[in-house]
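# Task: produce atomic coordinates for the following.
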Amino acid sequence: MAIISSKNARVRIDGTNFAATKWSVDVKADEIDITNFETGGFKDYLTSYVEAMISIDLFYDTTSGPFDTNLLSVGSQPVILLYTQRDTAQEFFSFPASIVLSANVSAEVRDAVRVSVTARNKGAFLYPGNAVAFTGIS
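Alright, predicted model coming up:
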């Protein structure tokens, strides 16, 4: 097993790299209860629709202008790539269709202006390694 450091992670949105400090992806599926007389007294399930919630924390960088082009404005639909390793072409989550649900901008004395964005996938997406695509009902 090769454990990797997140120090080389990267956030790329619509082709622009952002000075991000954290990203996370929470993948969930709706469950369908298919328990029946033949399941031997145990519950059984199938998964149905899959969704991914995407959270990104970044610095407000005037050179990348996250709000200049409505790139991260609520309702925008950017392409989001979340890299686990900066220089590895296959180590990233790929969300070719997403929608920004919230964007929080905060400023504090003795700190940089920060932006926190929450988005959701709109359709199929890829896990790191490009091996598994989630396309909906399984």
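# for this structure, what are the low-confidence residue spans?
Judged by pLDDT under 70, the chain has its weakly predicted residues at 1, 66, 68-70, 87-90, 130-138.
# quick one: residue 84 and residue 4 touch, right?
Yes - the pair residue 84 / residue 4 is scored as a contact, 6.2 Å apart, by CB atoms under 8 Å. From N, CA and C alone the C-beta is placed, and that goes for glycine too.
# Of those two, which one has the most company?
Neighbour count, other CB atoms under 10 Å: between residue 84 and residue 4, residue 84 has more, with 18 against 11.
# ok, and the closest non-adjacent residue to the more buried one?
Beyond its immediate neighbours in the sequence, the residue positioned closest to residue 84 (CB to CB, 6 or more residues apart in numbering) is residue 91, lying 4.5 Å away.
# before we move on, what about residue 57?
The shortest distance from residue 57 to any residue other than its chain neighbours is 4.2 Å, reached at residue 22 (CB to CB, 6+ apart).
# who's in contact with residue 113?
59, 60, 105, 106, 107 (CB atoms under 8 Å, 6 or more residues apart in numbering).
# Buried by neighbour count, from these: which ones?
By neighbour count, with 16 or more other CB atoms under 10 Å, those hold residue 60 as buried.
# I'd like the contacts of residue 113 laid out as TSV, including distance to residue 27.
Supplementary listing: these in TSV, determined by distance: CB to CB, whole Å:
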residue	distance to residue 27
59	26
60	28
105	27
106	27
107	32
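# Can you get me a residue count around the residue nearest to residue 57?
12.
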